[in-house]
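Asker: Fold the stuff below for me.
(2 chains)
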Protein chains: 2
Amino acid sequence: MVDLWYSEYHMEDVRFSIRVKKQLHSERTPFQQIDFFESDTFGTFFTLDGLMMVTQKDEFAYHDMIVHPAFATNPSIKKVLIIGGGDGGTAREAGRYPQVEKIDMVEIDERVVRLCQRYLPQTASCLEKDTRIDLYFEDGLQYVRECAEGKYDLILVDSTDPVGPGEGLFTHEFYSHCYKALNDNGILINQHESPYYPSYAREMQRSHAKIKKAFPIARIYQFHMPTYPSGHWLFGFASKKLDPVADAKLEAWQKLGLETKYYNAQIHAASFALPTYVQELLKNDD
Amino acid sequence: MVDLWYSEYHMEDVRFSIRVKKQLHSERTPFQQIDFFESDTFGTFFTLDGLMMVTQKDEFAYHDMIVHPAFATNPSIKKVLIIGGGDGGTAREAGRYPQVEKIDMVEIDERVVRLCQRYLPQTASCLEKDTRIDLYFEDGLQYVRECAEGKYDLILVDSTDPVGPGEGLFTHEFYSHCYKALNDNGILINQHESPYYPSYAREMQRSHAKIKKAFPIARIYQFHMPTYPSGHWLFGFASKKLDPVADAKLEAWQKLGLETKYYNAQIHAASFALPTYVQELLKNDD
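Answerer: Residues are numbered from 1 along each chain as shown, chains lettered A, B, ... in the order given. I've put the predicted structure just below:
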């Protein structure tokens, strides 16, 4: 067998590597470099511009945690906007709620969706099957700029890091347009980087500072993500009035009987409890 | 600069690597292979039999979480036994509580202690300075076998993985001797491996099954540890009668005013909330 390794440099002097059985696909689009690989331990996985996005084996943690805390806070979410999330995993989890009427998914790079449909049906097959999902292949910032006011109950920003095509999704302008696109119970969840390695922590601080200016409630929650830098990853929870802990309807969520591999009613509030050093980074975010 | 990398294989096909500026020391003792390295991102770090033990930069997470939850559950802990923990970080954190009268530390390999005193004073300098600490260079299993009944308020098992010299610290015999060595309010905390990669998860299940047989209360809590496999690590909390959540004295702990970089009063209960797949692994541990 050929000795082939995929590596991601979490810092210049720290790297994480996975042995690759086969490179399934490699393509440069107008937006980014896309690569799909096959491995033993993580199954099929894909990278954008060389950075790990989704593996078959640990995507459950990310997709549980980006979707379910919002639905447990507001069980009557009906209209969902996903920005990014081309792999389909976020749409899949949001689609598990029967009361959801509409999931608009705005992904800048159609090729991510088409390749995930070919190589990662585990996350992407819902994109064809679930008729409530509508795909828009356009820029997320442009989409929210032109969006009708109060159109959505929930916006899920499932973006890459704030370099390359994801950059506009970490701006103050983007967050204020999200605010307008949400109704009074509206919730914004966003991929919020990691607190551990300094370069990621800086982006976390910058995003949090901007979201706090756009939304009266802005919290951060954490989870374990084995294939992401340091394994310690964050989402942001911002809203117009709902508090993710005080307003959580956990009994109602449990009654739905959804089977989840990571998220549960105990994890809900617990994930908002942050290590002291993370709390301090978030205080000094200006 | 020479291109020198330390790697740990978390699975046969998954590895984590740190660029090394210099190998500071390498030695084979009767018990294990010890290596010290210098790096940019993680500062000085050392490995036993090639496995990552302690880095200067993220040891705070491990040492906060092995020590403080027990002290916040029982604020009157006076007599502490540490098994392993040759780097001194666990003794350092336990020594921060003024009411502690005695810390007996039983480390099988004196060379770990002596080398940490030379290369890692950040964790090891307390071993000379804190006169409440007594060092015993012997086998931990043998020590608890011969220990007087009810001698300790707290036992902290800061061990390597259950292969090599740490093996005896993952046996039913060890846990039952710990039970006897503890008084009625006694608490046992142990390094409990990771739930993510299958080989670690199996050890987690095996230990938990054994501890549950020896102690009426046996819980698991989690934290983020960037340099350990998957970044998702666990400790076990076992006790004769104290429940780590229901009996926690968090206000009393906060009044002590200890500065901690990871642990805090919110993290305390939150760390006992486990992802669904971990809960399920712990149920099926027989």
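Asker: Please report the distance of residue A:34 from residue A:111.
Answerer: The gap separating residue A:34 from residue A:111 is 6 Å, by CB to CB, to the nearest Å. C-beta coordinates here come from the backbone N, C-alpha and C atoms, glycine included.
Asker: Compare these two (neighbour count), which wins?
Answerer: residue A:34 (22 against 18; other CB atoms under 10 Å in any protein chain shown).
Asker: Is it correct that the more buried one falls within a strand?
Answerer: Yes: using DSSP: H, G, I helix; E, B strand; the rest coil, the assignment for residue A:34 is a strand.
Asker: right, and it touches residue A:110 too?
Answerer: No: taking contacts as CB atoms under 8 Å, residue A:34 lies outside contact range of residue A:110: 11.1 Å.
Asker: if we can go back for a sec, common neighbours of residue A:34 and residue A:111, please.
Answerer: Listed as contacting both residue A:34 and residue A:111 by CB atoms under 8 Å, 6 or more residues apart in numbering or on different chains are residue A:27.
Asker: Next, count neighbours for the residue in chain A that chain B sits nearest to.
Answerer: Closest approach of chain A to chain B (CB to the nearest CB) occurs at residue A:231, with a separation of 1.9 Å. By the measure other CB under 10 Å, the count of residues near residue A:231 is 29.
Asker: mind checking pLDDT for it?
Answerer: Per-residue confidence (pLDDT) for residue A:231: 98.
Asker: Can you pull the residues of the stretch 51-200 of chain A lying near chain B?
Answerer: For the stretch 51-200 of chain A, the contact set with chain B under CB under 8 Å from any CB of the partner chain comprises A:58, A:60-61, A:196-197.
Asker: same for the longest strand anywhere in chain A, what does it pack against?
Answerer: Longest strand in chain A by number of residues, with DSSP state E as the criterion: strand A:182-191. Under the contact definition 3 or more CB pairs under 8 Å, 6 or more residues apart in numbering or on different chains; DSSP states H and E, strand A:182-191 sits against helix A:59-73, strand A:152-158, helix A:172-181, helix A:198-214, strand A:232-239.
Asker: for chain A, what are the low-confidence residue spans?
Answerer: Within chain A, the segments meeting pLDDT under 70 span A:285-286.
Asker: from what I can see, residue A:112 looks like it's in a helix, true?
Answerer: Yes: assigned with three-state DSSP, residue A:112 falls within a helix.
Asker: Show me what the longest strand of chain A is in contact with.
Answerer: A:66-67, A:69-70, A:73-74, A:76-77, A:84, A:150-159, A:169, A:175, A:178-179, A:207, A:211, A:215, A:235-242.
Asker: Check stretch A:200-213 too.
Answerer: With CB under 8 Å, 6+ apart, stretch A:200-213 has contacts from A:161-162, A:170-172, A:175, A:188, A:190, A:192-195, A:218, A:220, A:229-230, A:234, A:236, A:238, A:281-282, A:284-286.
Asker: What residues of the longest strand of chain A count as buried?
Answerer: A:182, A:185-191 (16 or more other CB atoms under 10 Å in any protein chain shown).
Asker: which among those residues gets closest to residue A:11?
Answerer: residue A:191 (19.7 Å; CB to CB).
Asker: and the gap between that closest one and residue A:237?
Answerer: In terms of CB to CB, residue A:191 sits 12 Å off from residue A:237.
Asker: quick revisit: is it possible to get JSON lines of the buried residues of strand A:182-191 that adds distance to residue A:127?
Answerer: Shown next, in JSON lines, are these (distance: CB to CB, whole Å):
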{"residue": "A:182", "distance to residue A:127": "23"}
{"residue": "A:185", "distance to residue A:127": "27"}
{"residue": "A:186", "distance to residue A:127": "24"}
{"residue": "A:187", "distance to residue A:127": "23"}
{"residue": "A:188", "distance to residue A:127": "22"}
{"residue": "A:189", "distance to residue A:127": "19"}
{"residue": "A:190", "distance to residue A:127": "21"}
{"residue": "A:191", "distance to residue A:127": "19"}
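Asker: In TSV: the residues of the stretch 51-200 of chain A next to chain B, plus neighbour count and distance to residue A:92.
Answerer: Compiled in TSV, these are given as follows (neighbours: other CB atoms under 10 Å in any protein chain shown; distance: CB to CB, whole Å):
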residue	neighbour count	distance to residue A:92
A:58	25	15
A:60	20	10
A:61	24	14
A:196	25	28
A:197	17	29
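Asker: what's the most distant pair in those residues?
Answerer: A:60 and A:197 (23.7 Å).
Asker: Could you turn the buried ones of the contacts of stretch A:200-213 into a ChimeraX selection?
Answerer: Only the buried members of the contacts of stretch A:200-213 enter the following ChimeraX selection, criterion being 16+ other CB under 10 Å:
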select /A:161,162,170,175,188,190,192,193,194,195,218,220,229,230,234,236,238,281,282,285
